[in-house]
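*Asks:* Dropping a prediction and its sequence here:
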Amino acid sequence: MEPVTDGVEDLEINGKSVEDIVTPWTVNSKNDAGVDYDKLILRFGSSKIDQELLDRFEKITGKSCHRFLRRGIFFSHRDMHTVLNLYEQGKPFYLYTGRGPSSDAMHLGHLIPFVFCKWLQDVFDVPLVIQLTDDEKAIWKNLKLEEAIRLAYENSKDIIACGFDVKKTFIFSNLEHIGNNVAFYQNMIRIQKSVTFNQIKGIFGFGDSDPVGKIAFPPTQAAPAISSTFPFIFKDAIVPCLIPCAIDQDPYFRMTRDIAPKLGVPKPALLHSIFFPALQGSQTKMSASDFNSAIFLTDTAKQIKNKINKHAFSGGQATVEEHRRLGGNCDIDISYQWLRFFLDDDDKLAEIEKNYTSGALLTGELKKELIEVIQKIVAEHQERKKAITDEIVKEYMKPRDLGFKLTNNSIK
Ligand code: TRP
């Protein structure tokens, strides 16, 4: 196994724990500016997305980088240069991402990987598979299977509303799909054979009283990173995989990368994002179970305005006079941090940063900018979602040929 620092271990200095906690289930930092992502790169053993990679990305694709790349929102990677090499040589790869459908309403943070995947799919013109881990949520949240499946279908509408090309995108519910796909099950078993309980415990920290379903789950999330899991898409070809995800999902894919050589398949490449901060501050990510920590994709314009005005943690000063004199702190100001995710205009963002830092822009004014941006995004999303019928969902969820043909040793 690659060194498995799972992020759970807290370092203690003078009796105070100093490490950020980053696991697939918990994200917590003691720092107002949030998790120290440079340290996380060292702990997880991934690589920083640096200017050289961004320049190469633009050179090879001929497209300017998405704001998530320009602004370090996707900040870490594994083997992205290998993916760019493939693309340069005209060789295929595919995208894989997923979502654990734990609630009806998805929030803004949930959009990040999907907005990014949509952009990657357009830039590279490659197939995308999206795993809905309703099985995972049924086990962890103790949901009825029927309820977990219902949530998977409900969430798929929000995902489809991000604009994925139905000709190139396969979305599946684990609970519905795996039983109908022997190749999937066989790859799960190949992975289960290759990982010990000790390794799973080391990576994920499960204990003796956890349901065995938790222990058996990681191979289920790993299998879609192997192209032979989807014979109806890739036929017999071995096609490398690129996984965009939030950094907390990395443990699953460290495990996958570790066993890939044993199975004779390429290690999946990864692009990792930072977390979308909660309204209350960057110490933790947005949570669907805390109504006031998040803006939901179902919120009205008025709810958005009220939540931001009332709850968005401010890096401004206590009084207008002080603010004018000392200026605001963009590093901890949630309104500014959210604008980094969603305001595409670099010049406007730079101006806001300058004016807030100098004190020329007040917190109320900054919040007003954010409210407008978010209201527009959510309203447009709701409009697109309205058009997505059950029939359309079924299309995306049908196992099918995504138009890939074998040529020589590659597909396409
Ligand atoms: N476990 C993830 C979650 O709870 C869902 C998921 C499945 C996923 N496969 C993935 C996320 C691949 C990113 C990439 O959200």
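*Replies:* Okay, I see it.
*Asks:* Contact residues of the protein facing the ligand?
*Replies:* Within reach of the ligand by CB under 6 Å from any ligand atom, the chain has these residues: Y96, T97, G98, R99, G100, Q131, T133, E136, Q221, I243, C245, Q249. Quick note: C-beta positions are derived from backbone N, CA and C, even for glycine.
*Asks:* and if we set it to 5 Å?
*Replies:* The chain comes close to the ligand at residues T97, G98, G100, Q131, T133, Q221, C245, Q249, as judged by CB under 5 Å from any ligand atom.
*Asks:* Including neighbour count, could the residues you listed go into a markdown table?
*Replies:* Below are these laid out as a markdown table (neighbours: other CB atoms under 10 Å):
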| residue | neighbour count |
| --- | --- |
| T97 | 22 |
| G98 | 22 |
| G100 | 23 |
| Q131 | 26 |
| T133 | 22 |
| Q221 | 25 |
| C245 | 22 |
| Q249 | 19 |
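*Asks:* mind exporting stretch 386-398 as PDB, just the C-alpha atoms?
*Replies:* Presented in PDB, the C-alpha positions along stretch 386-398 are these (Å, rounded to 0.1, in the frame of the first residue of the first chain):
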ATOM      1  CA  LYS A 386     -37.600  21.800 -14.500                       C
ATOM      2  CA  ALA A 387     -37.100  20.500 -18.000                       C
ATOM      3  CA  ILE A 388     -35.700  17.200 -16.800                       C
ATOM      4  CA  THR A 389     -38.400  14.500 -16.800                       C
ATOM      5  CA  ASP A 390     -38.200  11.000 -15.500                       C
ATOM      6  CA  GLU A 391     -37.900   9.900 -19.100                       C
ATOM      7  CA  ILE A 392     -34.800  11.900 -19.600                       C
ATOM      8  CA  VAL A 393     -33.300  10.500 -16.300                       C
ATOM      9  CA  LYS A 394     -33.900   7.000 -17.700                       C
ATOM     10  CA  GLU A 395     -31.900   7.800 -20.800                       C
ATOM     11  CA  TYR A 396     -28.800   8.700 -18.800                       C
ATOM     12  CA  MET A 397     -29.200   5.700 -16.600                       C
ATOM     13  CA  LYS A 398     -29.500   3.200 -19.400                       C
END
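*Asks:* Now that stretch: buried residues?
*Replies:* Neighbour-count burial for stretch 386-398 flags I388, V393, Y396, M397 (criterion: 16 or more other CB atoms under 10 Å).
*Asks:* how close does the last one sit to N174?
*Replies:* If you measure M397 against N174 using CB to CB, to the nearest Å, the figure is 12 Å.
*Asks:* mind showing which ranges of the stretch 251-400 of the chain have poor pLDDT?
*Replies:* Nowhere does the stretch 251-400 of the chain drop to pLDDT under 70.
*Asks:* Pick out the residue in the stretch 151-300 of the chain sitting closest to the ligand.
*Replies:* C245 (3.4 Å; CB to the nearest ligand atom).
*Asks:* Render the CA-only coordinates of the helix or strand that contains that residue in CSV, please.
*Replies:* Element membership of C245, judged by DSSP states H and E, is strand 241-246. What follows is strand 241-246, C-alpha atoms only, in CSV (Å, rounded to 0.1, in the frame of the first residue of the first chain):
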residue,chain,number,x,y,z
CYS,A,241,-9.5,6.9,-16.0
LEU,A,242,-9.4,10.4,-14.6
ILE,A,243,-11.3,11.1,-11.4
PRO,A,244,-12.2,14.7,-10.4
CYS,A,245,-13.3,14.7,-6.8
ALA,A,246,-13.0,16.6,-3.5
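*Asks:* Quick one: neighbours of the residue nearest to H323 when sequence neighbours are not counted, just the number.
*Replies:* Spatial nearest neighbour of H323, excluding adjacent residues (CB to CB, 6 or more residues apart in numbering): Q317 at 3.9 Å. By the criterion of other CB atoms under 10 Å, Q317 has 18 neighbours.
*Asks:* again with A350
*Replies:* If you count neighbours by other CB under 10 Å, A350 ends up with 10.
*Asks:* again with D250
*Replies:* With other CB under 10 Å as criterion, D250 counts 26.
*Asks:* ditto for S289
*Replies:* There are 9 residues near S289, going by other CB under 10 Å.
*Asks:* And D79, by the same measure?
*Replies:* Counted with other CB under 10 Å, residues neighbouring D79 total 19.
*Asks:* and if you look at N180?
*Replies:* With neighbours defined by other CB under 10 Å, the count for N180 comes to 10.
*Asks:* cool, and P92?
*Replies:* Applying other CB under 10 Å, we find 21 other residues in the vicinity of P92.
*Asks:* Is R99 bridged to anything, and to what?
*Replies:* Under DSSP bridges, the beta-bridge partners of R99 are L132.
*Asks:* give the contact list for it.
*Replies:* M106, H110, P113, F114, I130, Q131, L132, T133, N155, I159 (CB atoms under 8 Å, 6 or more residues apart in numbering).
*Asks:* 7 Å instead, please
*Replies:* When contacts are counted by CB atoms under 7 Å, 6 or more residues apart in numbering, R99 is found next to H110, L132, N155, I159.
*Asks:* where's the third one, which helix or strand?
*Replies:* Secondary structure here is read from DSSP H and E; on that basis N155 sits in helix 145-160.
*Asks:* Can you tell me what sits against stretch 56-75?
*Replies:* 37, 48-49, 54, 84, 87-88, 116, 119, 123, 244, 271-274, 340-341, 344.
*Asks:* Quick check: pLDDT value at V195.
*Replies:* pLDDT, V195: 96.
*Asks:* Let me see the contact set for it.
*Replies:* By CB under 7 Å, 6+ apart, V195 lies in contact with P219, M255, I259.
*Asks:* Spatially, which residue comes closest to the last one, not counting chain neighbours?
*Replies:* The spatial neighbour of I259 that comes closest, neighbours along the chain excluded (CB to CB, 6+ apart), is S194 at 4.3 Å.
*Asks:* measure the one you found to L263 for me?
*Replies:* 7 Å.
*Asks:* separation between T26 and the ligand?
*Replies:* Distance of T26 to the ligand, given as CB to the nearest ligand atom, to the nearest Å: 12 Å.
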